[in-house]
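Novice: pasted the sequence and its predicted model underneath.
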Amino acid sequence: MMDNNSAQRLPGPQAGAVKFTMLLAGVVLLLMMVFGFVMRAAQGNLIDLDPAMFYQLLTAHGAGMVGTAGLTGAAILWYFMGRYVPLARGVFWAFLGLFLLGVVLILGAIFIGGYGGAWTFLFPLPANSGGVWGTDAAAAFLLGYVAIGVAFLLLYLEVGRKLIACYGGIGGALAWPLVMGKGTAEDAPPPAVVAAMATTIFNTIGTVVGAAVLASSLVNLYFPEFKVDALLAKNMIYFFGHVFINASIYMAVIAVYEIIPEYTGTPWKTSRVFAVAWSLVLLFVMAVYPHHLLQDTVMPAWSLAMGQIVSYLSGIPLLAVTAFSLIVYLRKANAMRWDLASALLVLGVAGWSVGSVPAIIDGMISVNKVMHNTQWVPGHFHIYLILGEVAMAFGFMMWLIGKPEHKAVGGFNWAAFSAYVLGGTGFTLMFLVSGALSVPRRWAVHAPEWVLQSQIATGFALLVIVGAAMFVLRYLLGLKHSAGR
Ligand code: HEM
Ligand SMILES: [Cu+2]
């Protein structure tokens, strides 16, 4: 274990690999945003798009965005864990290689094979395409996910075993002595380690469950007599999908814990409340997934009731590890220095916290009856993805390029930040408005009375893309001078 304070000043041991990954991620985010823009423009009748192509874009956008969110989260986790434990370099390259292999398979399945069954690959949709795509395309898509799943398992295996070895087991890394009132805050692992240990555990479990349902779906594709229980498959898929996308955000917040102290000069220590909240996050993030199945009346009633109750409760530790911790910390700190990196990181925490509110609302059975499968759903998750996870990823990228003059909030940077925040807010609000008006989600063609909302949203989407393109450009130009990180 390295001394926490001296570790803070060292560049990440695999800074080059991480910087390269973030560049790839930035470019993919932009491309996927353009796909999103095209879909919204088609819903607004601004362009003519073949519905089959809409579903291909929807699939690519969903899988591509969720995958990239995971990729950026994992890169952040890897970068900062390298400050505390000795990580084997080859593992990150294997992770990236397998990840890219998965991307190639998925893109091939969609744009060569015509697969358009959405990122959730809900059984038996991959197999029942109604002639739109073939079995091989479905298999390539599922195999792409398997490659990405193996990539994540490898990464977590390395991070998990090193944390366990260096911090005295899982309990030690999760700061359980502090939770029990035995240890002191001085001896507790730093916030980043607690977050890394918790995400490693729950996303490993989520990925293994995902791998199991992927494997059964793959066998079923070629041997239909091997039957998969549809309800069980749905449970496993939503468990995996829910846990994976949440993990991407919970990994990205490590950047906030590690970088913000540089802007205040005050170390960020693990407190007892913080440690308790992270252990609750670890449990709740897994227990809450039935909120995706509230309309499945065949589910046991207790599990749906649990989904709703845990949905309410999980807001508390979520806010405790994000907004509340940040506010408590900033009050202790003397002064906060603002630049593009710190502004984006704080935006990420705010966007994540705000986005959890419409999510919890939709997790209520009485509301879900009305809002299920409306654009309310993409409304809430685009808030905590565009203004949450992706904002934190961009914040990390801006911090990586070092020099203060590249990050100062003024001129170019201010314009980029404003476009991104304004665009992101307007774009997601239009989804929420459409959802409140019962506009269904995932429809290629919109009824005339829904078109105006889609058109306004398309304009805001353009603003988001302009802002994001400016961040990526800034990053690219700044990379040359980024040797210190
Ligand atoms: C400029 C930014 C973006 C635009 C214009 C955009 C647009 C869209 C549109 C139009 C949909 C389909 C809505 C419907 O169901 O009717 C969608 C779905 C989705 N988006 Fe985005 N999006 C953006 C950013 C993001 C980001 C940053 C993420 C994640 C990191 C993301 C993840 C998703 C996911 C997971 C879906 C659901 C796909 C499905 O229903 O299968 N999007 N987006
Ligand atoms: Cu969920």
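Specialist: Great, that's in hand. Numbering: from 1, shown residues only. Ligands and ions are numbered 1, 2, ... in the order given.

Novice: C-alpha only now, for contacts and for neighbours.
Specialist: OK.

Novice: where do the helices of the stretch 201-350 of the chain begin and end?
Specialist: Counting by DSSP state H, counting those that start in this stretch, residue ranges of the helices within the stretch 201-350 of the chain are 230-264, 272-287, 301-319, 325-332, 340-362.

Novice: looking at the stretch 1-150 of the chain, which residue is nearest ligand 1?
Specialist: Proximity of the stretch 1-150 of the chain to ligand 1 (C-alpha to the nearest ligand atom) peaks at Gly36, 3.4 Å away.

Novice: pLDDT at the residue nearest to that residue when sequence neighbours are not counted, what is it?
Specialist: Nearest residue to Gly36 in three dimensions, chain neighbours excluded: His61, at 6.6 Å (C-alpha to C-alpha, 6 or more residues apart in numbering). Note on His61: pLDDT of 98.

Novice: cool, and Ser303?
Specialist: What the model reports as pLDDT for Ser303 is 89.

Novice: for Ala188, see how far away it is.
Specialist: For Ser303, the distance to Ala188 (C-alpha to C-alpha, to the nearest Å) stands at 35 Å.

Novice: picking that back up, burial count for the residue of the stretch 1-150 of the chain closest to ligand 1?
Specialist: Close neighbours of Gly36, defined as other C-alpha atoms under 10 Å, add up to 23.

Novice: counting by contacts, list what the helix or strand containing it packs against.
Specialist: Per DSSP states H and E, Gly36 falls inside helix 15-43. Using 3 or more C-alpha pairs under 8 Å, 6 or more residues apart in numbering; DSSP states H and E, the elements in contact with helix 15-43 are helix 51-81, helix 89-107, helix 390-400, helix 451-478.

Novice: so after the second one, what's the next helix or strand?
Specialist: This means helix 89-107. Where DSSP H and E defines the elements, the next helix or strand beyond helix 89-107 is helix 135-166.

Novice: wait, is Val85 part of a helix?
Specialist: No - the assignment for Val85, made by DSSP: H, G, I helix; E, B strand; the rest coil, is coil rather than a helix.

Novice: picking up where we left off before, the more surrounded of Ser303 and Ala188?
Specialist: Legend: neighbour count by other C-alpha under 10 Å for Ser303 and Ala188, higher for Ala188 (24 against 17).

Novice: pLDDT weak spots in the protein?
Specialist: Applying pLDDT under 70 to the chain picks out residues 1-12, 405-406.

Novice: if we use 50, what do you get?
Specialist: Within the chain, the stretches with pLDDT under 50 are 1-9.

Novice: ligand 1 contacts on that one?
Specialist: When proximity is defined by C-alpha under 6 Å from any ligand atom, the chain lies next to ligand 1 at 33, 36-37, 39-40, 58-59, 62, 65-66, 69, 118-119, 378, 382, 385-386, 390, 441-443, 461, 464-465.

Novice: show me what contacts His244?
Specialist: For the record, residue 244 is Phe, not His. Contact analysis of Phe244 by C-alpha atoms under 8 Å, 6 or more residues apart in numbering lists 70, 203, 206-207.

Novice: which of those fall in strands?
Specialist: Taking DSSP state E, every one of the contacts of Phe244 sits outside strands.

Novice: and which of those residues is nearest Ser279?
Specialist: Within those, the smallest distance to Ser279 is 14.0 Å, found for Asn203 (C-alpha to C-alpha).

Novice: could you check how far the closest one is from ligand 1?
Specialist: Distance of Asn203 to ligand 1, given as C-alpha to the nearest ligand atom, to the nearest Å: 17 Å.

Novice: i'd like the first residue to be 29 from this point on
Specialist: That works, and once the first residue is 29, the last one we named lands at Asn231.

Novice: measure how buried that residue is and give me the count.
Specialist: When neighbours are defined as other C-alpha under 10 Å, Asn231 has 25 of them.

Novice: quick revisit: filter the contacts of Phe272 down to the buried ones and hand me the ChimeraX line.
Specialist: Remark: buried members of the contacts of Phe272, expressed as a ChimeraX selection using 16 or more other C-alpha atoms under 10 Å:
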select :98,231,234,235
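
Novice: which of the contacts of Phe272 sit farthest apart?
Specialist: Maximum distance among those (C-alpha to C-alpha): 12.8 Å, for Gly98 and Gly234.

Novice: return the set of buried residues in stretch 240-253.
Specialist: The neighbour-count check on stretch 240-253 (16+ other C-alpha under 10 Å) flags 241-242, 245-249 as buried.

Novice: show me what counts as buried in the helix holding Gly64.
Specialist: The neighbour-count check on helix 43-71 (16+ other C-alpha under 10 Å) flags 43, 45-47, 49-51, 53-54, 56-71 as buried.

Novice: got the angle for it vs helix 117-135?
Specialist: Inter-element angle recorded for helix 43-71 and helix 117-135: 20 degrees (by axes from the mean of the first three to the mean of the last three C-alpha atoms, to 10 degrees).

Novice: now the angle from helix 43-71 to helix 418-428?
Specialist: Using the same axes, to 10 degrees: helix 43-71 against helix 418-428 is 140 degrees.

Novice: what angle separates helix 43-71 from helix 479-506?
Specialist: Following the same axes, to 10 degrees, one obtains 160 degrees for the angle between helix 43-71 and helix 479-506.

Novice: give me the distance between the residue in the stretch 179-328 of the chain that ligand 1 sits nearest to and Gln481.
Specialist: Here the residue of the stretch 179-328 of the chain nearest ligand 1 is Ile273; by C-alpha to the nearest ligand atom that distance is 8.4 Å. Ile273 sits 27 Å away from Gln481, going by C-alpha to C-alpha.

Novice: swap in Val281?
Specialist: From Val281 to Gln481 the distance is 32 Å (C-alpha to C-alpha).

Novice: wait, Leu368 sits on Ala436?
Specialist: Yes - at 5.9 Å, Leu368 and Ala436 qualify as touching, with contact defined as C-alpha atoms under 8 Å.

Novice: who's more crowded, these two?
Specialist: Using other C-alpha under 10 Å as the criterion, Leu368 and Ala436 rank with Leu368 on top: 23 against 18.

Novice: for that one, what are its contacts?
Specialist: 423, 426, 435-437, 441-442, 445.

Novice: just the ones of the residues you listed in helices?
Specialist: The helices, defined by DSSP state H, take in 423, 426, 435, 441-442, 445 from those.
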